[in-house]
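In: Please work out how this folds:
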Amino acid sequence: MAAEAFVNQLNVQIGNEFAAHQQYVACAVYFDQQTMQQTAQLFFDQAAEERSHAMMMVRYLLDADAEVRIPALPAPVCDFADVVAPIALALEQEKRVTAQINELTAIARRENDFASDQFMQWFIKEQVEEVSTMSDLLAVAKRSAHDVEQIEDYVQREHVAEGVDPTAPRIAGV
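Out: As a prediction, this is how the structure comes out:
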């Protein structure tokens with residue numbers, strides 16, 4: 001059985017992951033409206049990934065016979081000053097999620113909840129990748145804000161859809 005403190009915080013994190021999903025959708029819509037199809041698709045893909053993260057957490061709680069609570073979400077930011085702003089927002093979001101994931105791991109360890117600690121290890125690895133992806137994209141966007149085609153070329157070249165990670169936790173509903 002998962003520790004109560006971990007379950008409570010994982011339920012909060014489910015909301016954080018769904019909020020990240022919504023924010024990525026809002027960013028994707030913005031890029032789509034700017035006719036930046038490659039960047040829009042990257043953000044739509046990121047949105048789907050965040051939803052999957054939330055559903056992995058739901059599945060873990062279901063498997064642990066723990067209560068699942070799906071919280072209400074704040075509205076995402078939908079208005080952006082330029083093509084750099086949504087990427088900067090995404091990077092800050094990923095840094096915030098990294099801190100949240102680290103805190104969840106710390107709770108599991110404090111509570112001697114070894115199964116939950118092990119569950120969180122995949123998310124720690126994932127957050128390293130997420131921060132790196134958005135950090136690199138932000139650097140390119142800042143350099144190329146005057147020529148969005150350079151951003152589009154970078155996204156097309158660097159962000160090829162990856163296959164399913166066999167080490168990823170199971171997703172509820174799949």
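In: Kindly state the pLDDT recorded for the residue positioned nearest the centre of the chain?
Out: By C-alpha atoms, centre = their mean, the chain has its centre lying nearest to E50, at 4.1 Å. Confidence at E50, expressed as pLDDT, is 98.
In: Show me what the one helix or strand it maps to is packed up against.
Out: Assigning secondary structure by DSSP states H and E places E50 in helix 37-63. When contacts are defined as 3 or more C-beta pairs under 8 Å, 6 or more residues apart in numbering; DSSP states H and E, helix 37-63 sits against helix 4-33, helix 85-110, helix 114-144, helix 148-158. Bear in mind the C-beta positions are built from the backbone N, C-alpha and C, glycine included.
In: Tabulate these (CSV), appending mean neighbour count.
Out: What follows is the helices and strands packed on helix 37-63, written out as CSV (neighbours: other C-beta atoms under 10 Å):
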stretch, mean neighbour count
helix 4-33, 20
helix 85-110, 18
helix 114-144, 17
helix 148-158, 16
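In: which one of the ones you listed lies closest to V68?
Out: With C-beta to C-beta as the measure, helix 4-33 is the member of these nearest V68 (6.8 Å).
In: okay, the angle between that closest one and helix 148-158?
Out: 130 degrees (axes from the mean of the first three to the mean of the last three C-alpha atoms, to 10 degrees).
In: what's helix 4-33 packed up against?
Out: If you count contacts as 3+ C-beta pairs under 8 Å, 6+ apart, helix 4-33 packs onto helix 37-63, helix 85-110.
In: The ones you listed: which one's closest to D153?
Out: helix 37-63 (8.0 Å).
In: report the angle between the axes of the closest one and helix 85-110?
Out: Helix 37-63 and helix 85-110 are oriented at 20 degrees to each other (the same axes, to 10 degrees).
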